[in-house]
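A.B. asks: Okay, structure incoming, though there's no sequence with it:
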């Protein structure tokens, strides 16, 4: 889900999936230098000469960002020339990170989806211009014209014009893949289709379903394993919480909560969004992925993706700002001394950055076990500037300062006053409410507190009254046994505010107010 020089997905809860991405984007932009034209050649001796100072930067980054551990690899001219682990796999424990340590890699998974689409185009099973609904009729948007004109290429290009991160948090409430896809039908069009950058995850789930279907595979992972992971020898890469949790050498994710707080693995995030951010991998496997891109689709003498269609995934599709553009699963940064193609990944417990300089034969992968990719992004920007001969800034210091400022803003937002008593008319709100997308929500007073149960998933949501607003409540996921691991991952902060009101026909409704969760439940008659 991107960050400042870079961009990413966010988890809901204390940080919603979108909030994480926005904080990441802010962190990298602050570290981007103003570049002056000056062509610089990149060579193996030049890259090797950077390594001693790079290791000092890593040590500083671990301290400044509060990251327990990291693993870093550098590829040059089709070879992994550097790989090393730093710090520990779990805070408070002694097991060290190595280049073989598995991490969640978050939204850097999106580039694998883009490559799998390119392979399907190579095979003649898809065209970039195919309408999505011709392959998956369940894909429906609020605007029927955009639904019909939405093409395969658009799915991975972040230019839908829908509200950013829309409905991502439904996965944390237990809703399945089909519901996530169906939820796009109520997503408002807040930007201009194909003109405005909007970072989403659910369209990538749609794309994964299409790739699996046209390739006759049971799942997108089965398809991409056969077409990319196995040919690249990425034998350690997986896409389930069980696979990483049961691996002997894996990092534990940590939620930034003043100090790194270890959190469990759970299917709800990121595994529920599959191609949008669900891979587990390590530096050695990701080096093979970088070799494929630096080889422009060739690996060990074999063409896995045509250069023509791989180039489609690198080509800018929509501007993010004056210096960055989103391609397909990659972000493209143009500098006077060469292009940077990159993406970051942020989950609730991990941060990653993968990128390369296509005109200079060098790439880098940085994996960390803290739910924020700012250290990985800052370190990558430090490396790119020096490899390209760009003006040098203290990227670690700038990135850490941006993170601290963001944490202070969030701390102030979370400061709450005395508990607000339940409004006198709260009993009026009790009853059953129905959503065409999310099913029935039952509202009841339990032990003097207002609760909402989402019957389809059995998620229980605490509704805390907001001061001076008798119909307005703050909604947070309750740590019932089935959802306690999710609350441990995300924290107990509100994921939306809800309001009890009446619609235009005078019917009582329960409206979720977060722009990223645009859902309305209508009171069922007699209930």
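C.D. replies: The structure has been received and is ready for your questions. Predicted model, so just to flag it, every value in this text is computed and none were measured.
A.B. asks: distance of residue 288 from residue 215?
C.D. replies: Residue 288 sits 21 Å away from residue 215, going by C-beta to C-beta, to the nearest Å. (C-beta placed from N, C-alpha, C; glycine too.)
A.B. asks: How about residue 410?
C.D. replies: 42 Å.
A.B. asks: more crowded one of the two?
C.D. replies: Each of residue 410 and residue 215 has its neighbours counted (other C-beta atoms under 10 Å); residue 215 has more, 19 against 16.
A.B. asks: Contacts only, for residue 129.
C.D. replies: 151-153 (C-beta atoms under 8 Å, 6 or more residues apart in numbering).
A.B. asks: Pull out the buried residues from those residues.
C.D. replies: Among the contacts of residue 129, those classed as buried by 16 or more other C-beta atoms under 10 Å are 152-153.
A.B. asks: Among the contacts of residue 129, which lie within helices?
C.D. replies: Cross-referencing the contacts of residue 129 against helices under DSSP state H gives no overlap.
A.B. asks: Redo the contacts of residue 129 as CSV? Include pLDDT.
C.D. replies: Formatted as CSV, the contacts of residue 129 follow (pLDDT from 0 to 100):
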residue, pLDDT
151, 98
152, 98
153, 98
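A.B. asks: Regarding the chain, what is its longest helix?
C.D. replies: helix 44-65.
A.B. asks: The helix or strand following that helix pairs with which strands, and in what direction?
C.D. replies: Per DSSP states H and E, helix 44-65 leads on to strand 69-76 as the next helix or strand towards the C-terminus. When sheet partners are counted by DSSP bridges, strand 69-76 sits next to strand 79-87 (antiparallel), strand 362-368 (antiparallel).
A.B. asks: Need those strands in JSON lines (columns: mean pLDDT).
C.D. replies: Below are the strands paired with strand 69-76 laid out as JSON lines (pLDDT from 0 to 100):
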{"stretch": "strand 79-87", "mean pLDDT": "98"}
{"stretch": "strand 362-368", "mean pLDDT": "98"}
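A.B. asks: Against residue 502, how distant is residue 382?
C.D. replies: 56 Å.
A.B. asks: And these two? Which one has more around it.
C.D. replies: residue 382 (24 against 10).
A.B. asks: quick one on the thing from earlier: can you name the residues in contact with the longest helix of the chain?
C.D. replies: 67-70, 72, 74, 76-77, 81-82, 84, 86-87, 362, 370, 372, 374-375, 378-379, 382-383, 386-387, 395-397, 399-400, 403.
A.B. asks: how far is it from where the chain is centred?
C.D. replies: 26 Å (C-alpha atoms, centre = their mean, to the nearest Å).
A.B. asks: So which bits of it are buried?
C.D. replies: 46-47, 50, 54, 57-58, 60-62, 64-65.
A.B. asks: Same check on stretch 187-196?
C.D. replies: 187, 189, 191, 193-194, 196.
A.B. asks: any low-confidence regions in the protein?
C.D. replies: 1-40, 415-417, 527 (pLDDT under 70).
A.B. asks: Now residue 303: closest residue in space, sequence neighbours ignored.
C.D. replies: Nearest residue to residue 303 in three dimensions, chain neighbours excluded: residue 297, at 5.7 Å (C-beta to C-beta, 6 or more residues apart in numbering).
A.B. asks: residues touching the one you found, list them.
C.D. replies: With C-beta under 8 Å, 6+ apart, residue 297 has these contacts: 303-307, 309-310.
A.B. asks: what about it, distance to residue 289?
C.D. replies: 12 Å.
A.B. asks: returning to that earlier point: let me know the angle separating the longest helix of the chain from strand 362-368.
C.D. replies: 20 degrees (axes from the mean of the first three to the mean of the last three C-alpha atoms, to 10 degrees).
A.B. asks: can you tell me which residues contact residue 242?
C.D. replies: So residue 242 contacts residue 265 (C-beta under 8 Å, 6+ apart).
A.B. asks: Three-state assignment for it, please.
C.D. replies: At residue 242 the chain is in helix, as set by DSSP: H, G, I helix; E, B strand; the rest coil.
A.B. asks: right, and residue 338 touches residue 356 too?
C.D. replies: No. Checked against C-beta atoms under 8 Å, the pair residue 338 and residue 356 is beyond contact range at 10.4 Å.
A.B. asks: These two: who's more crowded?
C.D. replies: Counted by other C-beta under 10 Å, residue 338 and residue 356 do not tie: residue 356 has more neighbours, with 24 against 20.
A.B. asks: What pairs with the host helix or strand of that one, parallel or antiparallel?
C.D. replies: Per DSSP H and E, residue 356 falls inside strand 351-357. Strands adjacent to strand 351-357 in the sheet, as given by DSSP bridges, are strand 338-346 (antiparallel), strand 362-368 (antiparallel).
A.B. asks: and residue 526, which of the ones you listed is closest to it?
C.D. replies: strand 338-346 (45.7 Å; C-beta to C-beta).
A.B. asks: now the closest one, how far from the centre of its chain.
C.D. replies: The answer for strand 338-346 is 14 Å, by C-alpha atoms, centre = their mean.
A.B. asks: got the strands paired with strand 69-76 as CSV, with mean neighbour count and distance to residue 327 columns?
C.D. replies: Converted to CSV, these look like this (neighbours: other C-beta atoms under 10 Å; distance: least, C-beta to C-beta, whole Å):
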stretch, mean neighbour count, distance to residue 327
strand 79-87, 18, 25
strand 362-368, 30, 16
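A.B. asks: how about those strands, which one is nearest residue 219?
C.D. replies: strand 362-368 (24.2 Å).
A.B. asks: who's in contact with the closest one?
C.D. replies: 42, 47, 67, 69-77, 101, 103, 105, 251, 281-283, 286-287, 290, 293-294, 350-357, 375-376, 379-380, 383-384, 387.
A.B. asks: And the buried ones among these, selectable in PyMOL?
C.D. replies: The following PyMOL line selects those of the contacts of strand 362-368 that are buried, judged by 16+ other C-beta under 10 Å:
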select buried, resi 42+47+67+69+70+71+72+73+74+75+76+101+103+105+251+281+282+283+286+287+290+293+294+350+351+352+353+354+355+356+357+375+376+379+380+383+384+387
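A.B. asks: Pretty sure residue 133 sits against residue 150.
C.D. replies: Yes. The criterion here is C-beta under 8 Å, and residue 133 meets it with residue 150 at 7.4 Å.
A.B. asks: Quickly list what's touching both of these two.
C.D. replies: residue 139.
A.B. asks: Compare the two (neighbour count), which wins?
C.D. replies: For residue 133 versus residue 150, the count of surrounding residues by other C-beta under 10 Å is larger for residue 150: 23 against 15.
A.B. asks: so how far is residue 497 from residue 111?
C.D. replies: Shown here: residue 111 relative to residue 497, a distance of 35 Å by C-beta to C-beta.
A.B. asks: didn't residue 115 look like it was pressed against residue 311?
C.D. replies: No. Counting by C-beta under 8 Å, residue 115 stays clear of residue 311, with 11.6 Å between them.
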